[in-house]
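Q: missing the sequence, but the structure's below:
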């Protein structure tokens, strides 16, 4: 059964006028993206900076510095020792959202985990299609591994985290780090992750519309992200088709009324079958994005505390 506050939120969202997907442009999507948290919690310090352009970036099509936002927990105040670091990738279907839309979530993660959180403003599709976002993710990981000490973080305790499409990028980054022989990732924390472009699981059909994220909307995101259909075949896109051996321990949560629920569970199962340590939970009564809707859904904040506490 849907949680009462979720029903209230969905009633409001479903009452709003929608542009048909056939007419929707990425620019329109970005303008209508909800401010995911307005009543944000304080942290010790927030720093906006950039990952500089490295010599190899030109080959990957990177011509601009990569913006990042760094959050320091209250545990950092007056603490000379280094803290664990979490590299975070926001959701938004690879097309929308940014550092600001997920500011509230990053603050909650920062305090709950007592870690330095580095949120990455990776390039968005369709202006920068696959593999731009995964390459930006790997670029950020290399930089954090090198600069962790100067930033107050521990280079030997870097985890990756993301919600939705950001969960896909966090998981793909684990594959890239394994295949490129580093840097080492301590843990992958995936919040209702996108794991496959197939969009054909039972939950994709069961919750195809009316539950905030819909099946056709997810297909729209994938088309903008991939461009050429052949891109869908790479393991750095379809995690359910990837070699999942020798990956970092995973913590994965899904939401019961989310089209992505089944593919998140499938990914958790396949990670475990490949011999990786996995902690999986499906949160009952919740929809996609509930951790971002802390202003409306208190259980979203509670789930983050449980996940990182």
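A: Here it is on my side, so go on. Since this is a predicted model, take the numbers as computed values, not measurements.
Q: Low-confidence bits of the stretch 201-309 of the chain, can you list those?
A: 229 (pLDDT under 70).
Q: Do you have the helices of it handy? List them.
A: Using DSSP state H, counting those that start in this stretch, the helices assigned to the stretch 201-309 of the chain run over residues 202-206, 215-226, 261-273, 298-308.
Q: got the buried residues for the last one?
A: In this case it means helix 298-308. Neighbour counts using 16 or more other Cβ atoms under 10 Å place 299-301, 303-304, 307-308 of helix 298-308 among the buried residues. Just so you know, the C-beta spots here come from the backbone N, C-alpha and C atoms, and that holds for glycine as well.
Q: can you redo the helices of the stretch 201-309 of the chain as JSON lines with distance to residue 248?
A: Formatted as JSON lines, these follow (distance: least, Cβ to Cβ, whole Å):
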{"stretch": "helix 202-206", "distance to residue 248": "26"}
{"stretch": "helix 215-226", "distance to residue 248": "24"}
{"stretch": "helix 261-273", "distance to residue 248": "10"}
{"stretch": "helix 298-308", "distance to residue 248": "16"}
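Q: Of the ones you listed, which is nearest residue 52?
A: When the helices of the stretch 201-309 of the chain are compared by Cβ to Cβ, helix 215-226 sits nearest residue 52, at 26.0 Å.
Q: which strands and helices sit next to that closest one?
A: Using 3 or more Cβ pairs under 8 Å, 6 or more residues apart in numbering; DSSP states H and E, the elements in contact with helix 215-226 are helix 202-206.
Q: let's go with 10 Å and repeat that
A: Where contact means 3 or more Cβ pairs under 10 Å, 6 or more residues apart in numbering; DSSP states H and E, helix 215-226 is packed against helix 26-32, helix 165-179, helix 202-206.
Q: picking up where we left off before, which one of the helices of the stretch 201-309 of the chain lies closest to residue 133?
A: helix 215-226 (7.8 Å).
Q: Next, the angle helix 261-273 makes with that closest one.
A: Put simply, helix 215-226 runs at 60 degrees to helix 261-273, going by axes from the mean of the first three to the mean of the last three Cα atoms, to 10 degrees.
Q: Could you figure out how far helix 215-226 is turned away from helix 165-179?
A: For helix 215-226 against helix 165-179, the angle by the same axes, to 10 degrees is 40 degrees.
Q: gap between helix 215-226 and the chain center?
A: Relative to the centre of its chain, helix 215-226 is centred 16 Å away, using Cα atoms, centre = their mean, to the nearest Å.
Q: pLDDT score for residue 38?
A: pLDDT recorded at residue 38 is 65.
Q: nope, residue 35 is what I meant
A: So, for residue 35, pLDDT stands at 50.
Q: what does residue 182 give?
A: For residue 182, the pLDDT comes out at 95.
Q: picking that back up, residue 101 is nearest to which of the helices of the stretch 201-309 of the chain?
A: Using Cβ to Cβ, the nearest of the helices of the stretch 201-309 of the chain to residue 101 is helix 298-308, at 14.3 Å.
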